[in-house]
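A.B. asks: predicted model follows, preceded by the sequence.
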Amino acid sequence: MAELHVVGQVVGGSGFPSQNLFCKWGIVAGRSWELLEGMEQGQTQVDSAPDGDMVVWSHPLDVHYSCKGLTGWPKLHFQVWSQDVHGRNDICGYGFCHVPTSPGMYELDCPTWIPEGSVGERIAAFFLGGAPRLKLEEVIHNPGDRFRLQTDTTGTVHLQIGVLMKDFEMHHVRT
């Protein structure tokens, strides 16, 4: 079977309203993909950066897949959270990006967004904190329901990824 290696790091985030941030990440792939090695999800440490500077996570990514076809090409998805001085966590953004389909080194910027919520939810968030959250996290990377959401852009997650492919041509899998 053809094999795909994705090696790199979640470098950090910028443009978020808070500077005390951490990131939960995951990688999803279709049914024709099998995870051979690596973690399908993870979480960075909290980093606090001065206003306007990028938070730095430098969190490693290393996954190894085998595949029978290109359907369900892997996607990375992210949830960026802020943490206040009392240790309370609040969502700052959701985002996803496709793993590049050609071998090589890539620097990717993944824009993030957050649901607007109803007028009542926005008023409550202003006075009490706590932004509206998604009920189903699959909406982040599945296109069906995501396009019906009203969202606001928040910040950007920065990635450095190396993509290695093995035996794609030998198994007649064309990217």
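C.D. replies: Received, thanks.
A.B. asks: tell me where the chain has helices.
C.D. replies: Counting by DSSP state H, the segments of the chain that form helices are 119-128, 143-146.
A.B. asks: in this structure, what helix or strand scores lowest on average pLDDT?
C.D. replies: helix 143-146 (a mean of 62; mean pLDDT, DSSP states H and E).
A.B. asks: any regions of the chain where pLDDT drops low?
C.D. replies: Along the chain, the parts satisfying pLDDT under 70 run over 125-126, 128-129, 136, 139, 142-148, 171-175.
A.B. asks: can we see that at 90?
C.D. replies: Applying pLDDT under 90 to the chain flags residues 1, 17-19, 49-52, 68-71, 84-90, 114-153, 167-175.
A.B. asks: residue for residue, what is the longest strand it has?
C.D. replies: Longest strand in the chain by number of residues (criterion: DSSP state E): strand 151-166.
A.B. asks: how far away from the center of its chain is that one?
C.D. replies: 7 Å (Cα atoms, centre = their mean, to the nearest Å).
A.B. asks: could you do stretch 21-41 as well?
C.D. replies: Computed by Cα atoms, centre = their mean, the chain-centroid distance of stretch 21-41 equals 10 Å.
A.B. asks: list the buried ones in that stretch?
C.D. replies: Residues of stretch 21-41 classed as buried under the neighbour-count rule (16 or more other Cβ atoms under 10 Å) are 21, 22, 23, 24, 25, 26, 27, 28, 29, 32, 33, 38. Using the backbone N, CA and C atoms, a C-beta is placed for each residue, glycine as well.
A.B. asks: can you pull the contacts of the fifth one?
C.D. replies: What it means is residue 25. Residue 25 is in contact with 10, 41, 42, 43, 44, 59, 61, 76, 77, 78, 79, counting by Cβ atoms under 8 Å, 6 or more residues apart in numbering.
A.B. asks: kindly report the same for residue 1.
C.D. replies: Residue 1 sits next to 66, 67, 68, 167, 171 when contact means Cβ under 8 Å, 6+ apart.
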